[in-house]
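J.: build the 3D model from these lines:
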Amino acid sequence: MGKRKRLRASAVRWSIGVWLCSAALFSSLGWAQLGSNIPTDAQLQEQRASEVAGGFVVEEPLPGIVLRPVQRVPRERFGVVGPLPLQLSDLDALVYPSATSADREALLEGARFFTTRHTPEVGAGPVANQPFCQGCHLSSDEAIPGAGLVVDQVSLVSRAGRSTPTNFRFTSGNATTGGRPADHLDAINDTGRTAAFTIFGDYSPETNIFDPLDGSTSTIVVNPSGSTDTVPISGQQFGGFVQHTRPSIPECLPDRIPTIAEDENLGVTDPVTGLSASGFRRAVSERAGPPYIGRGLMEAIPTSDILDLKDPTDRRGANSSLNAPEVFSCEGDCITGRHNEIPARGGFVGGVGRFGLRANGVEILQFVIGGLQGELGFTSLLNNNEPNFEVSSALDNSGCRDTRVPDPDVHLSTPFSERNFIRMTAPPEFGNTLLALLESDDPSEPRPADSASGTVQRGAQLFGIDLIAFANRMIPGRMPAGGDGRDPHAINQEDQLVGCAACHTPIQTTGLSPAMGRDLQVVGPHVSNVWAPIFADLLLHEGPVIDAERFATTPRDPLLVRRPDDGRMFNTFDLPRNLADDAFSSQQATAFGPDFRTAPLMGLGRIGPPFLHDARVYLSRLTRDSFPAGTVMTNSEVTNAPLVVRNLDDAIRAAIELHDLPAPDDEKTPSVPGAGCPVPPGGRVRNVNYGQSPAAVICPPYDSGLSQTHRSEAREVIRRFRALSPEDQQAMIEFLKEL
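T.: Purely as a prediction, here's the structure:
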């Protein structure tokens, strides 16, 4: 976490290609800044002043603008790059095909920085979350060969990697050893293995205040009206809110998570709620780096379009022949959705959140600078504050203090180029079956049910897609001159069937990219005024809640459950079914613990798992045949049958299942090992006690009060999915694999 740098007696020379040829990084003249400084810091500061002054409201396309389908990278080429750091030729696999050579040159500085391992000698923190940006995007390193997934080709389009759950008994650390990175495959007797990262702090549910334990003495609270208040917090310096456990200097003690006893917010806590006398409880969770696909498109969606998708009172509903409104007594389809309103803070613009797992970022640059300074320990003119490590004596890291540093470490040319690299990373082309269907004369004409095209067609229709509207917006030349009069998001408004499209909005329209100046010249032609297959509304939705897990001081300990798969028995690491947690980044704005932003599904079938905000649904060749992930699944024929995650289909099915709490057991629940409501033996694990009736809180009956309050917004949509035949469920999975 930060930059407690140690000088070396000898000069260090570092070269990262032509983009850094002018920056001798450590020489007899001392430290020099990373980056080309082209454009200069002064020029980019001037540009940044204009960006901040203008706020962040993306307007709709101007009248008369002719929209076009967004360009997509050929599927077989997408994500296939060479050894790191990336070279100019690697950009063919990532950026828009129409990007010029000048466009690509403008991205190279950021692309190389993102994929280059950094050391303290060049300014990186000797204790960090990862040694480079790419460290949180390593899933393709462990991908299962086949199934169309990118394998052994690592870039920003990869997700965070995971091979097992994390065991927080080892990673949280102690005063003697500090925390430990989750780099070991043994999750029972050791840390487990994941590229996700841990965030922690103290949360007050009454006020929705999160104290990041990073020395801050105040935080901003956004009121329901949109007004803000600055409220005091403890000012305790425990190095939060991200735990950093990977030292690059051996004598530097890794971070640990402070104990309850030494935290003045906590002390003695209520055993049921976990709340202290001051109303706080400890919140610890993991977050996983998502694939950076199509972020420039997301940035260019008109603000009004995002707001128009909100349905706070559930009045819009969804026309569905599979609906059963009497089950949950929802006004519509139980889906509401709301935006996250972000206040301007720390030099970043405010407005409607669209980035981050909780939509707590308005602009891409917030995450570039946040990762640069907070996780790698590099400062820049946009955040030149050295991380403060004058922590309590119990957490002191003497010997790892800054001794000599450049001021700042990195020229602005580096984060601005990295921002454009992320903006310019395109989605992949669809799978061959879906693409052929969309290119056909009538994508809605029924195909043979036992054919690949018939299966994908059925899956798309069950998802809620109007295939003609989707084809008109994705295939060049298909849209009639006067428009098609169909839903602009390509949702089948007559019958959404399962209705996944209610949150995973298939098509979004972009306006003019908010990039400015030279950046707009690079980015604008590729992401502006297009139809884009985002498959997300970018709104917050409430996930399923299990209080016993949500209120625990660390995520649930790894739990092994024996489950059968294809004639074999596996000790599966049971997937926790609670998605709510109260650990936030430095600002949550209007988000609450159960709220997460709809994940964009672009490229899902090309990049694959792990899935969900903490990468909990994983599929790794390192553990597939030993200790895979597992849970239960329900369809029209079985209830809570064992599900062992050993291929891409299993992982997608598990991710869908985890959108809501498990179904209540019934007469269709099989009597086999690992079936039934996934209740731990005795109703508890070491750190989580589910109470006297654990099945009632993990798999509540549909007519119970807990189903109304603790199941997710997707409860009706997932009920429809679970009522499908195995064949129809598989059709939806086949469709998702084509994205």
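
J.: which residue is the nearest non-sequential neighbour of residue 116?
T.: Residue nearest to residue 116 in three dimensions, not counting chain neighbours: residue 85, with 4.3 Å by Cβ to Cβ, 6 or more residues apart in numbering. Every residue, glycine included, has its C-beta placed from N, CA and C.

J.: need phi/psi at that neighbour.
T.: For residue 85, the backbone dihedrals (degrees, to the nearest 10) come out as phi -70, psi 160.

J.: poorly predicted segments of the chain, please.
T.: Low-confidence segments of the chain, defined by pLDDT under 70, span residues 1-31, 386-406, 586.

J.: which parts of it belong to which domain?
T.: For the chain, automatic domain parsing gives the domain ranges 18-149+357-423, 297-338+441-541, 545-578+617-733.

J.: mind checking how far the shortest one is from the chain centre?
T.: Relative to the chain's own centre, domain 297-338+441-541 is displaced by 20 Å; criterion: Cα atoms, centre = their mean, to the nearest Å.

J.: check the last one too.
T.: Between the centre of domain 545-578+617-733 and the centre of its chain there are 21 Å (Cα atoms, centre = their mean).

J.: which stretches of the stretch 601-739 of the chain form strands?
T.: 629-633, 641-644, 684-685, 688-689 (DSSP state E, counting those that start in this stretch).

J.: tell me which of the ones you listed sits most buried.
T.: Ranked by mean neighbour count under mean count of other Cβ atoms under 10 Å, those are led by strand 629-633, which reaches a mean of 26.

J.: how much space separates the residue nearest to residue 116 from residue 115?
T.: 4 Å (Cβ to Cβ, to the nearest Å).

J.: next, the buried residues of stretch 249-263.
T.: 252, 253, 254, 255, 256, 257, 258, 260, 263 (16 or more other Cβ atoms under 10 Å).

J.: check which helix or strand the residue nearest the centre of the chain maps to.
T.: In the chain, the residue lying closest to the centroid (Cα atoms, centre = their mean) is residue 290, at 4.1 Å. Following DSSP states H and E, one finds residue 290 outside all helices and strands.

J.: and if you look at residue 203?
T.: Assigned by DSSP H and E, residue 203 falls within strand 197-204.

J.: what lines up beside whichever helix or strand comes after that strand in the sheet?
T.: Per DSSP H and E, the first helix or strand lying C-terminal to strand 197-204 is strand 209-211. Strand 209-211 has its sheet partners listed here by DSSP bridges as strand 197-204 (antiparallel).

J.: how about the partner strand as PDB, C-alpha atoms only?
T.: Output of strand 197-204 as PDB, limited to C-alpha atoms (Å, rounded to 0.1, in the frame of the first residue of the first chain):
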ATOM      1  CA  PHE A 197      -8.300  -7.600  -3.200                       C
ATOM      2  CA  THR A 198      -9.600  -6.900   0.300                       C
ATOM      3  CA  ILE A 199     -11.200  -3.700   1.400                       C
ATOM      4  CA  PHE A 200     -12.100  -3.000   5.000                       C
ATOM      5  CA  GLY A 201     -13.400  -0.300   7.400                       C
ATOM      6  CA  ASP A 202     -16.200   0.400   9.900                       C
ATOM      7  CA  TYR A 203     -19.800   0.900   8.900                       C
ATOM      8  CA  SER A 204     -22.700   2.600  10.600                       C
END
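
J.: wait, residue 643 touches residue 628, no?
T.: No - if you go by Cβ atoms under 8 Å, residue 643 and residue 628 don't touch, sitting 10.1 Å apart.

J.: which stretches in the stretch 151-300 of the chain count as helices?
T.: Using DSSP state H, counting those that start in this stretch, the helices of the stretch 151-300 of the chain run over 168-171, 295-299.

J.: and residue 681, how many neighbours?
T.: Residue 681 sits with 8 neighbouring residues when counted by other Cβ atoms under 10 Å.

J.: measure it to residue 574 for me?
T.: 11 Å.

J.: likewise for residue 198?
T.: Distance from residue 198 to residue 574, counting by Cβ to Cβ: 20 Å.

J.: those two: which is more packed in?
T.: Set side by side, residue 198 and residue 574 show more neighbours around residue 198, with 28 against 21, by other Cβ under 10 Å.

J.: which ones are touching that one?
T.: Contact partners of residue 198, counting by Cβ atoms under 8 Å, 6 or more residues apart in numbering, are 166, 168, 171, 242, 243, 245, 257, 284, 285, 286.

J.: ditto for residue 628
T.: Residue 628 neighbours (Cβ under 8 Å, 6+ apart): 570, 572, 573, 619, 644, 645, 646.

J.: any idea how far it is from residue 227?
T.: According to Cβ to Cβ, residue 628 and residue 227 sit 48 Å apart.

J.: over to residue 684?
T.: 43 Å.

J.: kindly report the same for residue 312.
T.: Look at residue 312 and residue 227: by Cβ to Cβ, they are 18 Å apart.

J.: residue 654 is in contact with residue 617, correct?
T.: Yes - applying Cβ under 8 Å, one finds residue 617 in contact with residue 654, separated by 4.8 Å.
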